[in-house]
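1. When you get a sec, could you give me coordinates for this:
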Amino acid sequence: MTIPPASALKAILGPTNTGKTYFAIERMLAHRSGMIGLPLRLLAREVYHKVVDRIGAQHVALVTGEERIVPPKARYWVATVEAMPLDIRVECVAVDEIQVATDFDRGHVFTNRLLHARGLSETLLLGAATMAPLIRTLLPEAEIIHRPRFSELLYAGSKKISRQPKRTAIVAFSAAQVYAIAELIRRERGGAAVVMGALSPRTRNAQVDMYQGGDVDFLVATDAIGMGLNLDVHHVAFADDHKFDGHQNRPLTPAEFGQIAGRAGRHMLNGSFGVTGHAAEFDEELVKQLETHDFEPVRVAQWRNAELDFRSIEDLRASLDRPPALKALTRVPVATDQHALEFVARNEAGALARGETAVRLLWECCGIPDYRDISPAQHGEIITRIYIDLIRQGHVDADWIAEQVRFCDNASGDIDTLSNRIKQIRTWTFVANRKNWLEDPAHWREKTRDIEDRLSDALHDRLTQRFVDRRTSVLMRHLRDKQMVSPEINDHGEVSLEGHLIGSIEGFRFTLARSEGGDAKGVAAAASQVVAPEISRRAERVSGAPNEEFVLATDGYLRWRGQVIANLAEGDTVFAPRLIILADESLSGPELERVQDRLNLWLRHLINTQLESVLALEAPADLEGTARGIAYRLYENLGILPRAAVAEEVKGLDQDVRGKLRKLGVKFGAYHIYVPQSLKPAPRELALILHALKQGGVRQPGVAELPQIVLSGRTSFLIDPEVSPRLYELAGFKVAGRRAVRVDILERLADIIRPLIALNPVTHQGPLPAGAAEGNGFRVTVEMTSLLGTAGDDFASILNSLGYRVRRTPKVAAPALAAPSPDLADAATNAAATDAVEGGSAVPATTEEAASAIDTAAADLGAPAPEAASLVDAAPVVAAEPEFDEIWFPAGRRPDNPRHGGKGPRPQRPAAAATGEAPTTDAQTAERPPRQFRRPDRPERGDRPDGGKPGRPPFEGRRDNRGRTEAEGPSDKGRPNGKRFDKPRDKPRDDWKEHRPREDRKPAPLDPNSPWAALAALRNPKPE
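-> Residues are numbered from 1 along each chain as shown. Predicted coordinates:
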């Protein structure tokens, strides 16, 4: 470039936040053409978009090592410092961040641009104030302009990572540190963006945009943010004070601290800096330097000869090793491209580098960046392959580069895997952007750029998934941007914002969705503000909702359209519970009062409607005295009162008073006094809830289960020992034995049993009703068991609990008149069993007798007789289970109890089942007195001299059942009213004279020709 007059060379120096880059862009656009070199590809794209927005894309070119956008009429060039096209003549040239000239890796490039990049009209060198002495030494003709910082930078001391203020950038110097800090911030504060030099420019841009857009409030980065990135950072916290510079792990210089810390505060907004993590607090001298931006000046810049000799590899090496001519310059250490040159010079590529063109091409190949940071040998192998193809074919082999690119075209994997693929594809992107290296460079530029973009987007997504709580980000942005869409609420109450589930809302309460971390308090507060409008709308709808939309469940919760909005609590009385609105702080003031008034009104209406018949008994106007007291007892007991509790009071009520109670809906049952209208499922459920609020709470066993049973219509069911009997009663059931029986069903059972007990079989006209029995008893019928839905032992337990007692009499099996089968073995077995029963013995006939009977039976039937032994062995006799006739009597009224005067017929004695006598029917038993049972070998009581029973000692000295002797007299214990039943009986009872037994009926004679007659003769042989 032609060097302009000295007045056109300006050095714009100063700390960060002085507007140097902005000033350079404005000056460049003030000329007809211009070029600006920037230290980062990321910053180059940022400036490129700003310029495009100002003058249009057709006038702006972007040139970096991996990207080249050059329109035909480009007038302004935005490039990285290494990629600046110095052969293009423009009016204005600007080089940013010239202090990088001190860097070991890239410093010599910046030094070269500082010395040789010039515009036709104006040249601007932008950098830190520390470069002023070096500029004066190298460029004495340059005009130095110092720009002050717009805002102050203050030291804030040390704070924990979790306590850093919002809009903070936390700086570390390794990927492991960056990831660990970002993970911690996600758990504690909701998430952070990640910026590192190892990331692709597109990924870094996406992360920076996420931070700038407010999705996250924290940025975790390396010193890459110190290079010209314009970030909205309020505070910079150093998590470490050492870095690895590619050669050694060394402490940061004060100037490096200042370059990074200076990112805090933008334009007129003050910034702060501090330390966190394991970093030691800054000493006072360093703090003063950072706050005043007073650092040691730069005395030496890195330099490497730019006028290279390409006649041979040896000449090229020599020109690279040439020392600088000025003391302010120092020769840069061996760089990556020189290491690559040394490697390829020793192999086949070095042998092919003959002539200036070939050596120049070899040096261009050595300039391929080592993005993967692999060993020099591996990197040298790639350069060797590319150079050989270029020399031999004139272009890189398409199949080989296609294979390398295809290996990178995979967007799956974790953060490290994607980062490695991006580094590899950046290599091929650089190759694709070189002139004439590929047969179809446009195709490969598009291909590699597309793969890099997709990998960068995938890496951004992985970083976001790992280090950012998206829900928190969306909420925070929603609070800042009032124009965002309203949250979406589905049928399940789930609240989503921009597709992210932030929680669920039920009634007037919002529940934040579970997350692995985040600032719980801040997120909850933000979410509450987001859903606050929806809470207000719901309160308005509830205030005007009809009664049908409210439901009170057995768990004590009041639901509106299926959502819990209030909880029932104990009140001053059973019929006046309280409602507690379940709402967040979003519902308050007049809205809360309106909701409370509406729900209280609904609750009063519910109780007055469902328990109207019970509430009417509190103070009936036309009842007085005992009747009024009974009515109030019913009111207190929610419509069901055991009759035994007020038995004496009920006895004193006359029919007129009872009629008044019946008009109020009261029914007098045998076991309960109750209000039938209140036995419906809805009143019973409400009664259970109201009682439970006062006694044990609605969570106790039975409160939730019993209403379901009532609603199912079951008349009885097995009781649960854990459920209080009082709850069964309030549900409309009486605990009877092992089951709970519905109160009204129990009364219907009593209505069935009552006429059976009162029935007199002697005077009854017509056929006896089902279940009738002698002696004021009854038998269980199908009607009874069907009514209660149970039978057997469960039904017996119910009758026992009601005061009934059972008399069980064995039934006599009717003799078979004909063999059920022609099988002789069965006939013989049945005959033997029948004979044993008729003979009053349970011992079967002997084998010989059985065999003889079988022979006789076979002869009578005209069939051959089988062997007796085989038949006896093959057909053993099995005794049938006995059957009983069960008759139930009210307790204390059994007719066979002598304490009741012997009224009524006595039951048949158990031994009758084995006598062979025909069983007596109920009518026969009612018509005749019982038999006199007396053994013939024992005398009557009156025949004995002592008047006692046989086998007992004389009456004198013998104790009675009270433990007293005759001399001591009979006991008074247990006598009613203390009276003694000591009046002697003058004469034996002759109660049976009026009921003389009829003559015994003779059994029907057997056919003498039947086999059964032969079998009977074996057991009863005629005397000779």
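2. okay, CA-based contacts and neighbour counts for the rest of this
-> OK.
3. in stretch 797-812, what's buried?
-> Going by neighbour count (16 or more other Cα atoms under 10 Å), the buried part of stretch 797-812 is 797-800, 802, 804-806, 809-810, 812.
4. ugh, wrong one, I meant stretch 80-89
-> 80-85, 89.
5. can you dump the C-alpha coordinates of it into PDB?
-> Extracted C-alpha coordinates of stretch 80-89, given in PDB (Å, rounded to 0.1, in the frame of the first residue of the first chain):
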ATOM      1  CA  THR A  80     -10.000 -10.600  10.500                       C
ATOM      2  CA  VAL A  81      -6.500  -9.100  10.900                       C
ATOM      3  CA  GLU A  82      -4.800 -12.300   9.400                       C
ATOM      4  CA  ALA A  83      -7.200 -12.300   6.400                       C
ATOM      5  CA  MET A  84      -7.000  -8.600   5.500                       C
ATOM      6  CA  PRO A  85      -6.500  -8.300   1.700                       C
ATOM      7  CA  LEU A  86      -3.600  -5.800   1.700                       C
ATOM      8  CA  ASP A  87      -3.400  -5.800  -2.100                       C
ATOM      9  CA  ILE A  88      -6.700  -3.900  -2.400                       C
ATOM     10  CA  ARG A  89      -6.400  -0.100  -2.300                       C
END
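6. Report the mean confidence score over that stretch.
-> Averaging pLDDT along stretch 80-89 gives 92.
7. what number of residues lie near the residue nearest to Ile757 when sequence neighbours are not counted?
-> Excluding the flanking residues, the one nearest Ile757 by Cα to Cα, 6 or more residues apart in numbering is Asn776, at 4.4 Å. Residue neighbour count, defined by other Cα atoms under 10 Å, stands at 22 for Asn776.
8. Surely Asn776 touches Val762?
-> No. At 11.6 Å, Asn776 does not count as touching Val762 under the criterion of Cα atoms under 8 Å.
9. So Gly571, which state does it fall into?
-> Three-state call for Gly571 (DSSP: H, G, I helix; E, B strand; the rest coil): coil.
10. give me every residue that touches the nearest residue to it once chain neighbours are set aside.
-> Nearest non-adjacent residue to Gly571, counting by Cα to Cα, 6+ apart: Pro577, 3.9 Å away. Pro577 makes contact with 568-571, 690 under the criterion Cα atoms under 8 Å, 6 or more residues apart in numbering.
11. switch the cut-off to 7 Å
-> By Cα atoms under 7 Å, 6 or more residues apart in numbering, the contact list for Pro577 reads 568-571.
12. What of Ser312?
-> Counting by Cα under 7 Å, 6+ apart, Ser312 has contacts 354-356, 359.
13. And for Gly669?
-> Glu747.
14. And the pLDDT at it?
-> Taking Gly669 on its own, its pLDDT is 91.
15. separation between it and Glu729?
-> From Gly669 across to Glu729, the span is 14 Å (Cα to Cα, to the nearest Å).
16. what's the answer for Leu62, then?
-> Leu62 sits 89 Å away from Glu729, going by Cα to Cα.
17. Kindly report the same for Val812.
-> According to Cα to Cα, Val812 stands 43 Å off from Glu729.
18. again with Leu252
-> From Leu252 to Glu729 the distance is 84 Å (Cα to Cα).
19. Who has more neighbours out of those two?
-> For Leu252 versus Glu729, the count of surrounding residues by other Cα under 10 Å is larger for Glu729: 22 against 15.
20. So which bits of whichever helix or strand that one is part of are buried?
-> Assigned by DSSP states H and E, Glu729 falls within helix 725-730. Buried residues in helix 725-730, counted by 16+ other Cα under 10 Å: 725, 727-730.
21. nearest spatial neighbour of the residue sitting nearest the centre point of the chain, skipping sequence neighbours?
-> Taking Cα atoms, centre = their mean, the centroid of the chain lies closest to Arg514, which sits 10.0 Å from it. Once flanking residues are discounted, Arg514 sits nearest to Gly503: 7.9 Å by Cα to Cα, 6+ apart.
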